[in-house]
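Colleague: coordinates only, sequence not included:
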């Protein structure tokens, strides 16, 4: 019997056990990949890297699709109706990949008035929306009470609304801005997060993940929290019973090993959450605090979404692509620096951070497929049609994705970097159906709200598709578009 074909006999329904690795096997070993598909084995980081770098495209697609079907079945693929509300663009960070952030003194900086924000929520509720995704810049002028009052008013005005808000970098800046009590970072995060949860916060989005490797993160995410702080924030959210997402932005200065290192950390911290909270047991740090509402089941990551860097209007987008200059020889600098344990440093290549390697549709699909195979303990893999376009997003449903994300009424961050795809519910249904699946509306925890099989399905009611073509996203009136930004990637960074 092939080493990888031995089934895992642990009763994972009641006691979580991380799947075994078989690092001696070749990444393309059919027995290994078959066991990964069936949930009997997991890829080692080196095997994940080998698949990303050398597996044939059709092989990646075939096994990622098979794994997706093993988890989600052959029939249903999902989407959500929500709205991405960017409540402020004032931000203390100076990420070189961002065209959205502004200083408070800039003429086009903004913080939404609450009534304007409520109007946006009303609009999404009017089309059957069930949640909002609310993120902003890290604005030091907003006190904790501003957030608590906002959450409380949202819950009062919109009963049943799921509030998915405040990514880990925002949470870390809340700690910095509000100076909460606590002996360590975890305790300080919990102090803030408990109060936000009590006011109405339901879950945390995975924004700000970017790439976890310090060499890359320090170069592109100036002023943004470390990977350890990001992961710790999510761990605290999980301890409070929250279900969260994780993300990765690739296709810039990082090496291939950096992508696998990022996935490995997500997988390891997911193991930690499932082992610590997966049976509903409450950690001592939570059980001993009478102010914390005790979760009945433990939280964890429910989804992973990755997308390629969008360069327009960003400082990083002005860095030369590798291979375009006469003296670009040998390996891409990011690959020289990248290691599977994240230990590479910028000193390992003099051109590190001075060249980017963009990722197109093929690279996106390969990376997503590997994420489905690597992240054996993550339920959902999301298609990134917002950055890649509707048809690549549709194709992603055959490269490991089970979810098409949101109808995207509004988006300001990625759009500021040049991506403006916008689809309505009939088009999302049409894309899923013509890919060979049944579309279904879901909620934040991936419960099915409506299975679109009958003649009243949104796409089956359409008589004139010319009225449903991709449109430019709505953007906040004073959100930055095509605005200049200073280049901060340089020899001294």
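Modeller: Yes, it's here. What you see is a predicted model, and the numbers here were worked out from it, not measured in a lab.
Colleague: now stretch 434-446: mean pLDDT?
Modeller: Regarding stretch 434-446, the rounded mean pLDDT is 96.
Colleague: need the residues that contact it.
Modeller: Contacts with stretch 434-446, where a contact means CB atoms under 8 Å, 6 or more residues apart in numbering, come from 75-81, 128, 130-131, 162, 164, 202-203, 243, 302-303, 379-380, 394-395, 397-398, 403, 425, 428-429, 432-433, 448-453, 457, 459. C-betas here are computed from N, CA, C, even on glycine.
Colleague: from residue 162, how far off is residue 140?
Modeller: Residue 140 sits 28 Å away from residue 162 when distances are taken as CB to CB, to the nearest Å.
Colleague: out of these two, name the residue with the larger neighbour count.
Modeller: The residue with more neighbours, out of residue 140 and residue 162, is residue 162; 20 against 13, by other CB atoms under 10 Å.
Colleague: wait, what's in contact with the more buried one?
Modeller: 130-132, 202-203, 443-444.
Colleague: doesn't residue 450 lie inside a helix?
Modeller: No. Counting by DSSP: H, G, I helix; E, B strand; the rest coil, residue 450 falls outside a helix, being strand.
Colleague: what residues does stretch 227-236 touch?
Modeller: Here stretch 227-236 makes contact (CB under 8 Å, 6+ apart) with 168-169, 171-172, 185-186, 189-190, 193, 204, 206, 208-209, 212-214, 217, 225, 244, 246, 265, 269, 272-273, 301, 342.
Colleague: could you list the buried residues of that stretch?
Modeller: Using 16 or more other CB atoms under 10 Å as the test for burial, stretch 227-236 gives 227, 229-236.
Colleague: let me know the secondary structure of residue 311.
Modeller: The three-state assignment at residue 311 reads coil, by three-state DSSP.
Colleague: so it sits against residue 317, correct?
Modeller: Yes. Counting by CB atoms under 8 Å, residue 317 is a contact partner of residue 311 at 2.9 Å.
Colleague: which of the contacts of residue 162 are buried?
Modeller: Here, 16+ other CB under 10 Å leaves 130-132, 202-203, 444 buried among these.
Colleague: quick one: which of the residues you listed sit in strands?
Modeller: Residues of these located in strands (DSSP state E): 131-132.
Colleague: pick out the most distant pair among the buried ones among the contacts of residue 162.
Modeller: Across those, no pair lies farther apart than 130 and 203, at 12.4 Å, counting by CB to CB.
Colleague: ranges for the helices of the stretch 51-200 of the chain?
Modeller: 57-72, 114-126, 144-157, 168-178, 185-199 (DSSP state H, counting those that start in this stretch).
Colleague: buried residues in the fourth one?
Modeller: Within helix 168-178, the residues scored as buried using 16+ other CB under 10 Å are 168-175, 177.
Colleague: hang on, the earlier thing: same list (the buried ones among the contacts of residue 162) but as a markdown table, adding distance to residue 35.
Modeller: Converted to a markdown table, those look like this (distance: CB to CB, whole Å):
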| residue | distance to residue 35 |
| --- | --- |
| 130 | 37 |
| 131 | 36 |
| 132 | 40 |
| 202 | 36 |
| 203 | 32 |
| 444 | 31 |
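Colleague: quick one: distance of the longest helix along the chain to the chain centre.
Modeller: For the chain, the helix reaching the highest residue count under DSSP state H is reported as helix 256-277. Relative to the chain's own centre, helix 256-277 is displaced by 13 Å; criterion: CA atoms, centre = their mean, to the nearest Å.
Colleague: show me what counts as buried in that helix.
Modeller: Neighbour-count burial for helix 256-277, with 16+ other CB under 10 Å as criterion, is recorded at 256-267, 269-274, 276-277.
Colleague: against which helices or strands is that helix packed?
Modeller: helix 45-54, helix 227-239, strand 244-250, strand 301-308, helix 333-337, helix 361-374 (3 or more CB pairs under 8 Å, 6 or more residues apart in numbering; DSSP states H and E).
Colleague: nearest to residue 352, out of these?
Modeller: Minimum separation from residue 352 across the helices and strands packed on helix 256-277 (CB to CB) falls at helix 333-337, 4.3 Å.
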